[in-house]
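Peer 1: What follows is a protein structure lacking sequence information:
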Ligand code: CP3
């Protein structure tokens with residue numbers, strides 16, 4: 001929390017995106033008994049996997065176990081996580097007319113299971129471990145909503161954006177309204193910071209980002225409960241960093257395709273940064289992993305406002321011992 005506010009800290013704090021996931025035996029054991037969606041919707045299990053990851057790794061923050069796509073269900077979207085296929089949406093938005101059947105999420109009580117998981121997690125966590133809430137950013141959510149799943153070229157998404165700018169903006173505004181309410185309900189339940197995941201925004205040109213996305217992301221961030229730090233994260237964003245900064249956030253997430261020192265310079269030293277180790281570095285030998293981590297700490301140069309993280313989520317095949325080793329290395333090498 002102090003790093004989010006760019007205050008001095010005794011060592012650089014670290015947590016990892018997707019820290020509760022399939023690379024961890026304890027997660028696979030819980031997950032073996034239920035589907036991914038059911039796990040998200042069962043607060044005591046979601047709280048359990050959240051807390052287990054923190055305790056096993058020794059990280060400095062928890063992120064609530066949930067998924068960015070859960071908010072789509074109350075909009076009238078039929079969501080499924082097919083084993084080994086990832087998310088599938090059965091009724092994607094393809095034409096301008098489809099936008100009209102999206103439901104404005106008037107109240108976010110449909111996601112009560114997330115808030116209950118947050119309350120239970122907060123009770124179970126040590127008091128000095130902050131709990132992060134999150135949502136997908138409007139563009140990344142729109143891309144799933146329109147493509148119906150993951151995508152390589154985002155053809156349907158961009159076609160709607162270019163050809164039907166009116167319905168596009170209406171849809172993005174509807175998503176942004178739902179997200180602000182959702183984040184604030186997470187905060188009310190006990191989330192102490194929130195993160196927007198704009199995982200796929202890097203597929204856009206800088207001008208398209210500014211025209212079709214920035215105003216909506218800004219609207220979400222502007223409406224977050226004052227005083228609660230916002231982490232604004234995306235990948236492939238080397239060409240978008242100044243614009244993402246303009247959209248907002250107290251902490252900007254950087255991936256490994258930019259140098260941390262260059263990225264920080266570009267967003268400005270009046271904002272904190274998070275990142276930016278390549279998740280694949282966790283597959284290297286310990287001495288090489290250490291060198292990679294040190295290189296990032298050196299670029300941060302002890303400046304207040306750096307939160308160590310990966311540049312994207314942990315991969316399912318990652319050796320858990322290397323993750324634990326990374327956490328220890330960062331704490332040790334950054335001790336002031
Ligand atoms: O970081 C954490 O530990 C919190 C939990 C979390 C999950 N998803 C759990 C999850 C978070 C923060 C997310 C965010 C999320 N979900 C994103 C943005 C982050 C990113 O990685 O870019 C995206 C794009 C999604 C959508 C999503 N959910 C996809 C594409 C998939 C399938 C991909 C895959 O790895 O299989 C999921 C499923 C998912 N979400 C899993 C987990 C642990 C794996 C599900 C399983 O147990 O089978």
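Peer 2: Looks like it arrived, so ask away. Nothing here was measured: the structure is a model prediction, and the numbers come from that model.
Peer 1: For the closest residue to residue 148 other than its chain neighbours, grab the count of nearby residues.
Peer 2: The spatially closest residue to residue 148, leaving aside those adjacent along the chain, is residue 92, at 3.7 Å (CB to CB, 6 or more residues apart in numbering). Every C-beta, even on glycine, is put in place using the N, C-alpha and C of the backbone. A count of nearby residues for residue 92, using other CB atoms under 10 Å, gives 17.
Peer 1: what does the chain have sitting close to the ligand?
Peer 2: Within the chain, the positions adjacent to the ligand are 17-22, 31, 36, 63, 65, 67-69, 81, 86-87, 134, 150, 197, 199, 313 by CB under 6 Å from any ligand atom.
Peer 1: Let's see which of those residues end up in strands.
Peer 2: Secondary structure from DSSP state E places 63, 81, 86, 87, 134, 197 of these in strands.
Peer 1: what's the residue in the chain that the ligand sits nearest to in contact with, if anything?
Peer 2: As assessed by CB to the nearest ligand atom, the ligand sits closest to residue 199 within the chain, at 3.1 Å. Counting by CB atoms under 8 Å, 6 or more residues apart in numbering, residue 199 makes contact with 68, 136, 140, 233, 234, 235, 312.
Peer 1: From residue 260, how far out is the nearest residue to the second one once chain neighbours are set aside?
Peer 2: Using CB to CB, 6+ apart and skipping residues adjacent in sequence, the residue nearest residue 136 is residue 68, 3.2 Å away. Spatial separation of residue 68 from residue 260 under the definition CB to CB, to the nearest Å is 25 Å.
Peer 1: Comparing the two, which residue is more hemmed in?
Peer 2: Using other CB under 10 Å, the more surrounded residue of residue 68 and residue 260 is residue 260, with 24 against 19.
Peer 1: Please report how far that one lies from residue 307.
Peer 2: Distance, residue 260 to residue 307, by CB to CB: 11 Å.
Peer 1: Could you single out the nearest of the contacts of residue 199 to residue 214?
Peer 2: Relative to residue 214, the closest of those is residue 234; by CB to CB it sits at 11.8 Å.
Peer 1: which residue packs closest to residue 218, ignoring adjacent ones?
Peer 2: What sits nearest to residue 218 in space, not counting adjacent residues and going by CB to CB, 6+ apart, is residue 247, at 4.5 Å.
Peer 1: okay, now that neighbour: neighbour count?
Peer 2: Per other CB under 10 Å, the neighbour tally for residue 247 reads 25.
Peer 1: Could you list which residues are in contact with it?
Peer 2: Taking CB under 8 Å, 6+ apart, one finds 213, 214, 217, 218, 221, 232 in contact with residue 247.
Peer 1: Mark which of the residues you listed are part of strands, please.
Peer 2: Per DSSP E, these map to strands at residue 232.
Peer 1: Filter the contacts of residue 247 down to just the ones in helices.
Peer 2: Those of the contacts of residue 247 mapping onto helices are 214, 217, 218, 221, per DSSP state H.
Peer 1: The first one: neighbour count?
Peer 2: Residues near residue 214, counting by other CB under 10 Å, number 21.
Peer 1: quick one: pLDDT of it?
Peer 2: The score at residue 214 is 98. That number is its pLDDT.
Peer 1: Report pLDDT for the closest residue to it other than its chain neighbours.
Peer 2: Leaving aside its chain neighbours, residue 214 sits nearest to residue 247 (5.0 Å; criterion: CB to CB, 6+ apart). Residue 247 carries a pLDDT value of 98.
Peer 1: Over to residue 46?
Peer 2: Note on residue 46: pLDDT of 98.
Peer 1: Name the residues of the helix or strand harbouring it that are buried.
Peer 2: Assigned by DSSP states H and E, residue 46 falls within helix 43-57. Across helix 43-57, burial judged by 16 or more other CB atoms under 10 Å covers 43, 45-54, 56-57.
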